[in-house]
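Colleague: Generate a structure from the sequence data that follows.
(one chain, ligands or ions: 1)
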Amino acid sequence: MTDAPIAAAGANYAPDASIEAITDFVAGMLAGDKPRAVAVPGGSTPGPILAALAERSDLAWADVAVWLTDDRCVPTDHPASNFGLLERSLAATGAALIPLEQGVTPPPFDLVWLGMGADGHIASLFPNTDPHADGALEVVRLTPDPLPPEAPFDRLSLTLSALVRARHIMLVLKGTEKRKVLGDALSGANDLPIARLLKAAHAPVTIFWSET
Ligand SMILES: O=C(O)[C@H](O)[C@@H](O)[C@H](O)[C@H](O)COP(=O)(O)O
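Modeller: Prediction:
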C-alpha cells in the first residue's frame with residue numbers, strides 16, 4: 001500500500017513491522033554468495049534489530065560490509081557513537097564494519113536502512129542542511145541546527161547522492177507523527193530531506209512502520 005505515487009520505484013508499507021520481520025527482510029537483502037554492502041543508521045531503533053541480525057548464523061557475514069548512514073562526531077567509545085553501537089552489536093559476526101570518514105567513496109549499497117526524525121531528517125541530513133541529490137560529495141560533515149537534544153553533536157553523513165544509489169532503501173520508523181511526515185513526503189506535500197530522498201531515489205522503498 002502506498003500513500004501516493006513517487007519518483008522512486010515505488011514505496012510500500014510492509015505488512016509486518018516486527019523485529020523478526022525487519023530482520024528477515026535485511027537478511028534476505030544480504031543473502032547470496034557475492035560481497036554485499038549495507039548502510040545502517042543510528043538512533044534508538046537499530047539496537048534490537050542489529051542484535052537480532054547478529055544471531056543470524058545463516059548470513060555469510062564475512063562477505064558483508066556494514067557502513068553507517070551517519071555518525072556523531074564523538075569518540076567511538078562515547079555512548080552517542082553510532083560506530084560504537086555497530087561494534088558492540090556486530091563485531092562478533094566477522095562482518096567488515098566501516099567507520100564513516102570524510103573523503104571516502106561508499107559503494108553502491110545493496111541496502112540502505114534509514115530511520116527518520118519527526119523533522120523529516122534522514123541520516124544526518126537535517127532540514128537546515130538543505131540536502132540536494134546532485135552534489136559531488138559522498139560524505140559530509142554537518143552541524144544540525146537546532147542541535148538534537150538527544151545527540152547535540154556535529155555529524156558525518158552520507159549525502160543524498162550516496163544514499164540514492166542503493167539497490168533498495170528500507171525505512172524503519174514509529175509513531176503517528178512520523179507517519180504523517182512520511183505520508184506528506186510521499187504525496188509531495190513537504191520538501192523535507194525525506195521527500196528529497198524519495199524524489200531522487202530510483203530504488204524500491206520498503207517502509208516498516210509501527211504505532212509504537
Ligand atoms: O544518528 C542518528 O541519530 C540517526 O542516523 C538518525 O537519522 C535516526 O535514524 C533518526 O533520528 C531516527 O531515530 P530513531 O531511530 O531514534 O527514531
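Colleague: which parts of stretch 60-71 are buried?
Modeller: 61, 63-71 (16 or more other Cβ atoms under 10 Å). Just so you know, the C-beta spots here come from the backbone N, C-alpha and C atoms, and that holds for glycine as well.
Colleague: actually stretch 95-102, not the one I wrote
Modeller: 95, 97-100.
Colleague: when you check the ligand, which of the buried residues of stretch 60-71 turn up near it?
Modeller: 69-70 (Cβ under 6 Å from any ligand atom).
Colleague: for the buried residues of stretch 60-71, which one is nearest I122?
Modeller: Closest approach to I122 among the buried residues of stretch 60-71 (Cβ to Cβ): T69, at 7.6 Å.
Colleague: For the closest one, list the residues it contacts.
Modeller: By Cβ atoms under 8 Å, 6 or more residues apart in numbering, T69 lies in contact with 39-42, 112-114, 122-124, 157-158, 163.
Colleague: now for the helix or strand hosting A37, which elements pack on it?
Modeller: Using DSSP states H and E, A37 sits in strand 36-40. On a contact count with 3 or more Cβ pairs under 8 Å, 6 or more residues apart in numbering; DSSP states H and E, strand 36-40 meets helix 19-30, strand 64-68, strand 111-114.
Colleague: hmm, 6 Å instead?
Modeller: Under the contact definition 3 or more Cβ pairs under 6 Å, 6 or more residues apart in numbering; DSSP states H and E, strand 36-40 sits against strand 64-68, strand 111-114.
Colleague: mind giving me JSON lines with these and columns for mean pLDDT?
Modeller: Listed next are the helices and strands packed on strand 36-40 as JSON lines, based on pLDDT from 0 to 100:
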{"stretch": "strand 64-68", "mean pLDDT": "98"}
{"stretch": "strand 111-114", "mean pLDDT": "98"}
